[in-house]
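*Asks:* Have a look; sequence and predicted model below, questions after that.
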Amino acid sequence: MTGKFKPYANEADVLRIGDLEIENRVDRVSLTGDVVLTRDQAGLALARQLQVLIGGIVKALEALEAEEQLPQTVELKAARTVTNPFA
């Protein structure tokens with residue numbers, strides 16, 4: 001599931017876990033939506049997928065920290081509206 005998802009590697013990867021959408025960016029990973037972890041085999045499977053995902057994110061951040069390339073904060077630029085080029 002998350003084997004090909006490399007946190008902070010590109011601006012293109014998107015994963016879904018339940019109704020949770022995980023978007024990859026070079027400066028952030030965004031999680032939107034929700035996921036219901038029921039007390040059953042399906043809930044366990046989703047929880048394991050989340051665990052792998054979060055573990056990969058932590059590992060990527062720790063690697064940057066070890067290389068002293070992890071800033072204190074990242075300035076997130078506000079989204080801007082552009083004219084539809086197809087209109």
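*Replies:* Happy to help now that I have it.
*Asks:* Which strands and helices lie in contact with the helix or strand where Val52 lies?
*Replies:* Using DSSP states H and E, Val52 sits in helix 41-66. Packing partners of helix 41-66 (3 or more C-beta pairs under 8 Å, 6 or more residues apart in numbering; DSSP states H and E): strand 14-17. Glycine gets a C-beta too; all of them are placed from N, C-alpha and C.
*Asks:* buried set for the strand it packs on?
*Replies:* 15, 17 (16 or more other C-beta atoms under 10 Å).
*Asks:* and the next element down the chain from that strand?
*Replies:* strand 19-24.
*Asks:* can you list contacts of that next one?
*Replies:* With contact meaning C-beta atoms under 8 Å, 6 or more residues apart in numbering, strand 19-24 is reached by 5-16, 29-36, 50, 53.
*Asks:* cool, stretch 48-64 as well?
*Replies:* Against stretch 48-64 from outside (C-beta under 8 Å, 6+ apart): 1-2, 5-8, 15, 17, 20, 22, 29, 35, 37, 70.
*Asks:* from those residues, which two are the most distant?
*Replies:* Greatest spatial distance in these: Leu37 and Leu70, 29.6 Å, computed using C-beta to C-beta.
*Asks:* and the gap between Arg48 and Ile22?
*Replies:* 15 Å (C-beta to C-beta, to the nearest Å).
*Asks:* Who has more neighbours out of the two?
*Replies:* Ile22 (20 against 12; other C-beta atoms under 10 Å).
*Asks:* any idea of the pLDDT on that one?
*Replies:* You'll see Ile22 listed with a pLDDT of 97.
*Asks:* Same check on Gly3?
*Replies:* Per-residue pLDDT puts Gly3 at 62.
*Asks:* one step back: quick check: mean pLDDT of the helix holding Val52?
*Replies:* Here the average pLDDT along helix 41-66 is 97.
*Asks:* buried residues in that helix?
*Replies:* In terms of neighbour count (16+ other C-beta under 10 Å), helix 41-66 has its buried residues at 46, 49-50, 53, 56-57, 60.
*Asks:* Please consider this matter closed, and thank you.
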